[in-house]
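**Student:** Sequence plus the predicted model coming up.
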Amino acid sequence: MSASLLRRGLELLEAPGRGKAPPGLQRGRDGPRAAGAARRRKRAPEPGRNKATVKGRVVKSAIEEYHKKAAVNHLRANLQYMLKGRFVANKAITEQVLAQNRGRKSKDQPPKKAAKKKPEGTVFTEEDFRKFEREYFGRP
């Protein structure tokens, strides 16, 4: 409730024998304080900072945020890095390192390599095949 409504309500409820307060105690609108308050209310808002925002907050551009979070293709740089170094480690050393890093579980073990079998030579010669052909098919 505003002060003026409160004052009017008190005036209605006031006892009929009592008059108004003496002029020294009465505070009206035409005092020096009232003029200052009116001036303060009418004063134009300063174009300073906006009080509705959080202190120190900077407005971010949505495009900049998108470019920050967009995926970057590092393929070209990685290829240059890989092709730059031509040092190849000894195969025995690489096998040793891989064996150290391998776990003990069966799923971590590499599949066993089967020994390559030498192609077995045939016991029969071409002449034996021709002889068999003549005997079996009856051709001369």
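**Tutor:** Ah, there it is.

**Student:** Centre-most residue in this protein?
**Tutor:** Per C-alpha atoms, centre = their mean, the C-alpha nearest to the average position across the chain is that of Lys69, at 6.9 Å.

**Student:** Starting from Lys60, give me the distance back to that one.
**Tutor:** Distance of Lys69 to Lys60, given as C-beta to C-beta, to the nearest Å: 12 Å. Glycine gets a C-beta too; all of them are placed from N, C-alpha and C.

**Student:** do Leu10 as well
**Tutor:** Remark: distance between Leu10 and Lys60 (C-beta to C-beta) = 55 Å.

**Student:** and if you look at Gly85?
**Tutor:** From Gly85 over to Lys60 the distance is 40 Å, taken as C-beta to C-beta.

**Student:** and what of Ala70?
**Tutor:** 15 Å.

**Student:** How about Ala37?
**Tutor:** 40 Å.

**Student:** Looking at these two, which has the bigger crowd around it?
**Tutor:** Set side by side, Ala37 and Lys60 give different neighbour counts by other C-beta atoms under 10 Å, the larger being at Ala37 (12 against 9).

**Student:** and that one, what helix or strand is that in?
**Tutor:** For Ala37, the host element (DSSP states H and E) is helix 32-42.

**Student:** Give the next helix or strand downstream of that helix.
**Tutor:** helix 62-69.

**Student:** Go through the helix or strand following that following helix and flag the buried ones.
**Tutor:** Counting by DSSP H and E, the next helix or strand C-terminal to helix 62-69 is helix 75-84. By neighbour count with 16 or more other C-beta atoms under 10 Å, helix 75-84 contains no buried residues.

**Student:** For helix 75-84, the averaged confidence score.
**Tutor:** Averaging pLDDT along helix 75-84 gives 89.

**Student:** okay, that helix in PDB with CA atoms only?
**Tutor:** Written as PDB, here are the backbone C-alpha positions of helix 75-84 (Å, rounded to 0.1, in the frame of the first residue of the first chain):
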ATOM      1  CA  LEU A  75      44.700 -36.100 -41.000                       C
ATOM      2  CA  ARG A  76      47.100 -33.900 -43.000                       C
ATOM      3  CA  ALA A  77      49.200 -32.800 -40.000                       C
ATOM      4  CA  ASN A  78      49.300 -36.400 -38.600                       C
ATOM      5  CA  LEU A  79      50.400 -37.800 -42.000                       C
ATOM      6  CA  GLN A  80      53.200 -35.200 -42.200                       C
ATOM      7  CA  TYR A  81      54.300 -36.100 -38.700                       C
ATOM      8  CA  MET A  82      54.300 -39.900 -39.400                       C
ATOM      9  CA  LEU A  83      56.100 -39.600 -42.700                       C
ATOM     10  CA  LYS A  84      58.700 -37.200 -41.300                       C
END
